[in-house]
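Peer 1: coordinates only, no sequence provided:
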């Protein structure tokens, strides 16, 4: 944790919170919170309780939102609950805390999903599992998800690409990032028509966010980028992340080949238009350049910075000269 907080701080404060929530002062850890790798703007811990119900006696995950993200815990809790309710393997959330006084930031306590990271599998099997899991997600009727948001008082129009594009425009203009404006003009001027149907979009669907057990996806993590939009948005985002960000994290994987095969398999099971996929890949690339300018570590890796501008020019013909 930042701000000088220690693991012992987390142990004690989390236990106080849980004892209060469960009204049980005898509650204890069988395994104290232990940091788990992953997340650029979250701190993740694994722990286990004793002296509680069967559900909560299983291994649990604590996800603390260390960045400035008011409302994110409630949003992700709502998304994961709605998606898991329709049978997709998103982690079920048991506790959502928006009171930053408890641990210094908002947090979730959720189930630990079974399985190993997809990146532990042989490279040749990953594209098929990735494509099948993505097609499964996009085949789910989104109406129950939309209803879950609306019944909670959340304006479902905020889950659209229009809302996301407006958010990016306001921030690019508000921060005076003039060097991004030519790219933004291209994105706004080449926006595809309205999608024929809406689907559940994860927004960050790649092998590092997927767990696999017995050859099937057993867990899909990190739903912060959730939208209700078209398949091309989600597929384009996956293609972009695999070709631009992932090579810096796991250079031993041949990502260009993996992404190419994933796209072939996905498109063989859909009527997706490649031009729409490229458009949303370019959008996600421009968004990543904005995030890099804001200090996001993933987009400031030297190799990634160069790939961002090259990728955007490849997809759009627009050359952007990044400024620090």
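Peer 2: Here it is on my side, so go on. Everything numeric here is computed off the predicted structure, so don't read it as measured data. Residues are numbered from 1 along each chain as shown.
Peer 1: ok, which stretches of the stretch 51-200 of the chain are helices?
Peer 2: Counting by DSSP state H, counting those that start in this stretch, the stretch 51-200 of the chain has these helices, from start to end: 54-57, 72-85, 100-103, 126-138, 143-151, 161-174, 181-189.
Peer 1: so which of those comes closest to residue 38?
Peer 2: Using C-beta to C-beta as the measure, helix 72-85 is the one of the helices of the stretch 51-200 of the chain that comes nearest residue 38, at 14.5 Å. For the C-beta atoms, the positions are set from N, CA and C on the backbone; glycine is no exception.
Peer 1: returning to what we had before: closest one to residue 221 among the helices of the stretch 51-200 of the chain?
Peer 2: Nearest to residue 221 among the helices of the stretch 51-200 of the chain is helix 72-85; the distance by C-beta to C-beta comes to 9.4 Å.
Peer 1: and that closest one with helix 143-151, angle?
Peer 2: Taking axes from the mean of the first three to the mean of the last three C-alpha atoms, to 10 degrees, helix 72-85 and helix 143-151 form an angle of 150 degrees between their directions.
Peer 1: out of the helices of the stretch 51-200 of the chain, nearest to residue 251?
Peer 2: For those, the distance to residue 251 is smallest for helix 126-138, at 15.5 Å, taking C-beta to C-beta.
Peer 1: list the helices and strands the closest one packs on?
Peer 2: Counting contacts by 3 or more C-beta pairs under 8 Å, 6 or more residues apart in numbering; DSSP states H and E, helix 126-138 is packed against strand 199-201, strand 210-213, strand 216-220, helix 231-240, helix 255-268.
Peer 1: residue 76 reaches residue 224, doesn't it?
Peer 2: Yes: contact criterion C-beta atoms under 8 Å: residue 76 and residue 224 qualify, at 6.0 Å.
Peer 1: compare these two (neighbour count), which wins?
Peer 2: Neighbours were counted for residue 76 and for residue 224 using other C-beta atoms under 10 Å; residue 76 has more, 25 against 16.
Peer 1: for the nearest residue to that one once chain neighbours are set aside, give its distance to residue 90.
Peer 2: Counting by C-beta to C-beta, 6 or more residues apart in numbering, residue 223 is the residue found nearest to residue 76 once chain neighbours are left out, at 5.5 Å. Here residue 223 is placed at a distance of 6 Å from residue 90 (C-beta to C-beta, to the nearest Å).
Peer 1: which residues of this protein score low on pLDDT?
Peer 2: Along the chain, the parts satisfying pLDDT under 70 run over 1-8, 39, 67-68, 324.
Peer 1: same thing but at 80, please
Peer 2: The model of the chain has pLDDT under 80 over residues 1-8, 38-40, 67-69, 322-324.
Peer 1: would you map out the domains in it?
Peer 2: When the chain is parsed with automatic domain parsing, its domains come out as 7-111, 116-316.
Peer 1: so which of the ones you listed comes closest to residue 323?
Peer 2: Scanning the domains of the chain with C-beta to C-beta as the criterion, the closest one proves to be domain 116-316, at 4.7 Å.
Peer 1: now that closest one: how far from the chain's centre is it?
Peer 2: Taking C-alpha atoms, centre = their mean, to the nearest Å, the mean C-alpha location of domain 116-316 is offset from the chain mean by 9 Å.
Peer 1: now the nearest residue to residue 218 once chain neighbours are set aside: how far from residue 251?
Peer 2: Once its chain neighbours are removed from consideration, residue 218 has its nearest residue in residue 115; the separation is 3.7 Å (C-beta to C-beta, 6+ apart). When distances are taken as C-beta to C-beta, residue 115 and residue 251 turn out to be 24 Å apart.
Peer 1: please say which of these two ends up with more neighbours.
Peer 2: More neighbours surround residue 115 than the other of residue 115 and residue 251, with 16 against 10 (other C-beta under 10 Å).
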